[in-house]
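A.B. asks: Below is the sequence, then the predicted model.
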Amino acid sequence: MSGPDAKTLVLLRHAKAGWPGGVDDHDRPLAERGHRQAPAAGEWLLEHGIVPDAAVVSDALRTRQTWVWVAERLGESAPTPYLDGRLYAADAARALAVVNETEETVRSLIVVAHMPWLQDLGMRLMSLDSDQEAALSMSEHLPTLGLQVFRVDKPWAELDGRDAALTHFAVPGR
């Protein structure tokens, strides 16, 4: 049921983060592997013709750093991110409320954030017409840089559950 008004929602888990001693979880940076890994998400988006109009990024350091690498690959077409502190300690319902605030003029939205709610939100949104292989893979494990792509056929404000089709699940750079 993909119509001319279909939109795209991308949920991206941050790249691999480090655990430096004495650093608060919110301020954890990407590990070296994360810095090497993160650009692959931007490359994957470009290869699949997905260039977001808007980006909502958790204000945690590792998600901001992940977005910098993704945006670098997207080049001049990368949107300026909106840093949203609510996404750091959110659950799926609170994160969905952030997505619901998206202006209807946005045709493609990327959200860069954290586990466990990122996987929970994907599971909540997945409609029956989702790609079954992608759905099984994403439901089993959402590793760092796990990327979920949904087709949204209704207004952002009306997304609630089982109403977006998962079209792709990928872990770029693997």
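C.D. replies: Thanks, I have the structure now.
A.B. asks: Residue 121 and residue 98 touch, don't they?
C.D. replies: No. Look at residue 121 against residue 98 with CB atoms under 8 Å: they stay out of range, at 9.9 Å. (C-beta placed from N, C-alpha, C; glycine too.)
A.B. asks: out of the two, which sits in the more crowded spot?
C.D. replies: Between residue 121 and residue 98, counted using other CB atoms under 10 Å, the more crowded position is residue 121 (28 against 18).
A.B. asks: so who does the more buried one touch?
C.D. replies: 11, 92, 95-96 (CB atoms under 8 Å, 6 or more residues apart in numbering).
A.B. asks: In JSON lines: those, plus secondary structure.
C.D. replies: Listed next are the contacts of residue 121 as JSON lines, based on DSSP: H, G, I helix; E, B strand; the rest coil:
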{"residue": "11", "secondary structure": "strand"}
{"residue": "92", "secondary structure": "helix"}
{"residue": "95", "secondary structure": "helix"}
{"residue": "96", "secondary structure": "helix"}
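A.B. asks: moving C-terminal of the helix or strand containing residue 34, what's the next helix or strand?
C.D. replies: Following DSSP states H and E, one finds residue 34 within helix 32-37. Once helix 32-37 ends, the next helix or strand along the chain (criterion: DSSP H and E) is helix 39-47.
A.B. asks: and that following helix, what other elements does it pack with?
C.D. replies: helix 61-74, strand 147-152 (3 or more CB pairs under 8 Å, 6 or more residues apart in numbering; DSSP states H and E).
A.B. asks: ok, and which of the ones you listed has the densest surroundings?
C.D. replies: Highest mean neighbour count among those (mean count of other CB atoms under 10 Å): strand 147-152, with a mean of 24.
A.B. asks: Taking strand 147-152 as reference, get the angle to the next helix or strand after that one.
C.D. replies: Using DSSP H and E, the helix or strand that follows strand 147-152 towards the C-terminus is strand 164-170. Orientation check (axes from the mean of the first three to the mean of the last three CA atoms, to 10 degrees): strand 164-170 against strand 147-152 gives 160 degrees.
A.B. asks: And the average pLDDT for strand 164-170 is what?
C.D. replies: Strand 164-170 shows an average pLDDT of 98 in the prediction.
A.B. asks: Kindly export it (C-alpha atoms) in CSV.
C.D. replies: Below are the C-alpha coordinates for strand 164-170, written out as CSV (Å, rounded to 0.1, in the frame of the first residue of the first chain):
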residue,chain,number,x,y,z
ALA,A,164,4.8,1.2,9.3
ALA,A,165,6.3,-1.4,7.0
LEU,A,166,9.9,-2.4,7.7
THR,A,167,11.5,-2.5,4.3
HIS,A,168,15.1,-2.9,5.2
PHE,A,169,17.3,-4.0,8.1
ALA,A,170,21.0,-3.7,7.7
